[in-house]
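**Q** Got a predicted model here, sequence first, then my questions.
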Amino acid sequence: MELALVIAVVVVALTFDYTNGFHDAANAIATSVSTRALTPRVALIMAAVMNFVGAFLGQEVANTVGSVISPPDGSHGLVIVMSGLLGAIAWNLITWYYGLPSSSSHALIGGLVGAAMASGIYVKWSTVVDKVVVPMIISPVFAFVAGFALMLAIMWIFRRRNPHRLQRNFRFLQTLSAAAMALGHGLQDAQKTMGVIFLALLAGGFVNPGDDLPLWVIIAAAGAISLGTYAGGWRIMRTLGRRIIHLDPARGFAAESIAAGVLYTTAFVYSAPISTTHTITSAVMGVGATKRFSAVRWGVAKSIVAAWVLTFPMAGLVAAVCYWISHFLIEVVP
């Protein structure tokens, strides 16, 4: 029974990783596609490849995700992890359907916390607050301010250059910034799935606390998120690329550069699983506001912020319901 549950949890975790890929594909490439720096298909291929590579760049974020809860050994712990994943997948699909760029990262952690609370097991709240809640607030604010400042600097430095030639050069630079963004997405988001699979292996008795991630876990998570990215996230791409503000190549480059920098810093320096969605969306708003604040469609931004606020509790609620049902079916019914 336990081996079957471990296999089921791994399959569901990789399914979440796949939905994360197509849900968050827009994060890395929406601005490049909207400015015509890259064609959609080329952008998706590049993002998929860079996502795969980024998954191999570290394990710090995976370790943080794996320490949020302490599931008990055996089938009970596996049911908790499975329920957390189901809550995250459900919220990912809901927000994808409505084209809202919510956070897969916070959906996953919210799902794990919701399932853990429903089961009555220990949640490491200090990790949740320090590594999730605080970065959740700070990272989008910093991305907005930094995006605004970088775009102002670009506008001042190149104020006397030929606008047509300048935008053509920034289209080329956007290829590099989009690749950097996709690499950061793989670094952040693939590792979150690795952390959940490690929790399942730990509950099943296949690894010990403090062990390194098995190589097959890294390869499987990297492959799943890359395939999901290649499948594309066209609904959310339209929101990020056009509905918030119409971007030009210079603003697209500025937004992607700031977002990528935040992803690398939080992963390598703070080991914090931040939201790539929050980061790039806030950066897009910041660079867009340099035109004039009214140029940003704040009504769309308001809907996005509402999805951000609801993500953690709603994923947790769905995960709690999944736990109660799964616990009844697996452990109560003979």
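**A** Received it, and whenever you're ready, just let me know what you need.

**Q** Where in the chain is the helix or strand with the lowest mean pLDDT?
**A** Sorting the helices and strands of the chain by mean pLDDT, DSSP states H and E puts helix 234-238 at the bottom, at a mean of 55.

**Q** next SSE after it?
**A** helix 249-268 (DSSP states H and E).

**Q** Going by neighbour count, list what's buried in that next one.
**A** In terms of neighbour count (16 or more other CB atoms under 10 Å), helix 249-268 has its buried residues at 249-264, 266-267. (Glycine included, C-beta is placed from N, CA and C.)

**Q** pLDDT weak spots in the stretch 151-300 of the chain?
**A** 232-246, 293-300 (pLDDT under 70).

**Q** Give me the buried stretch members for stretch 105-118, please.
**A** Neighbour count says stretch 105-118 has 105-118 buried, by 16+ other CB under 10 Å.

**Q** send the alpha carbons of it over as PDB?
**A** C-alpha atoms of stretch 105-118 as PDB (Å, rounded to 0.1, in the frame of the first residue of the first chain):
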ATOM      1  CA  SER A 105       4.500  28.400  -5.600                       C
ATOM      2  CA  HIS A 106       2.000  29.800  -3.000                       C
ATOM      3  CA  ALA A 107      -0.600  27.400  -4.200                       C
ATOM      4  CA  LEU A 108       1.700  24.500  -3.500                       C
ATOM      5  CA  ILE A 109       2.800  25.700   0.000                       C
ATOM      6  CA  GLY A 110      -0.800  26.800   0.800                       C
ATOM      7  CA  GLY A 111      -1.900  23.300  -0.100                       C
ATOM      8  CA  LEU A 112       0.700  21.600   2.100                       C
ATOM      9  CA  VAL A 113      -0.100  23.800   5.000                       C
ATOM     10  CA  GLY A 114      -3.900  23.300   4.600                       C
ATOM     11  CA  ALA A 115      -3.500  19.500   4.500                       C
ATOM     12  CA  ALA A 116      -1.200  19.600   7.500                       C
ATOM     13  CA  MET A 117      -3.600  21.700   9.500                       C
ATOM     14  CA  ALA A 118      -6.500  19.500   8.600                       C
END
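
**Q** ranges for the helices of the protein?
**A** For the chain, the helices defined by DSSP state H cover 2-34, 40-54, 60-66, 75-97, 104-119, 125-128, 134-157, 163-185, 191-203, 215-231, 234-238, 249-268, 276-288, 298-327.

**Q** okay, those helices, which one's buried deepest?
**A** helix 276-288 (a mean of 29; mean count of other CB atoms under 10 Å).

**Q** Give me the helices and strands touching that helix, please.
**A** helix 2-34, helix 134-157, helix 163-185, helix 249-268, helix 298-327 (3 or more CB pairs under 8 Å, 6 or more residues apart in numbering; DSSP states H and E).

**Q** Please repeat the previous calculation with a cut-off of 6 Å.
**A** helix 2-34, helix 134-157, helix 249-268 (3 or more CB pairs under 6 Å, 6 or more residues apart in numbering; DSSP states H and E).

**Q** Using CSV, lay out those together with distance to Asp73.
**A** Output for the helices and strands packed on helix 276-288, formatted as CSV (distance: least, CB to CB, whole Å):
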stretch, distance to Asp73
helix 2-34, 9
helix 134-157, 31
helix 249-268, 30
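
**Q** Point out the one among those that comes closest to Ala231.
**A** Closest of the helices and strands packed on helix 276-288 to Ala231 is helix 2-34, at 4.4 Å (criterion: CB to CB).
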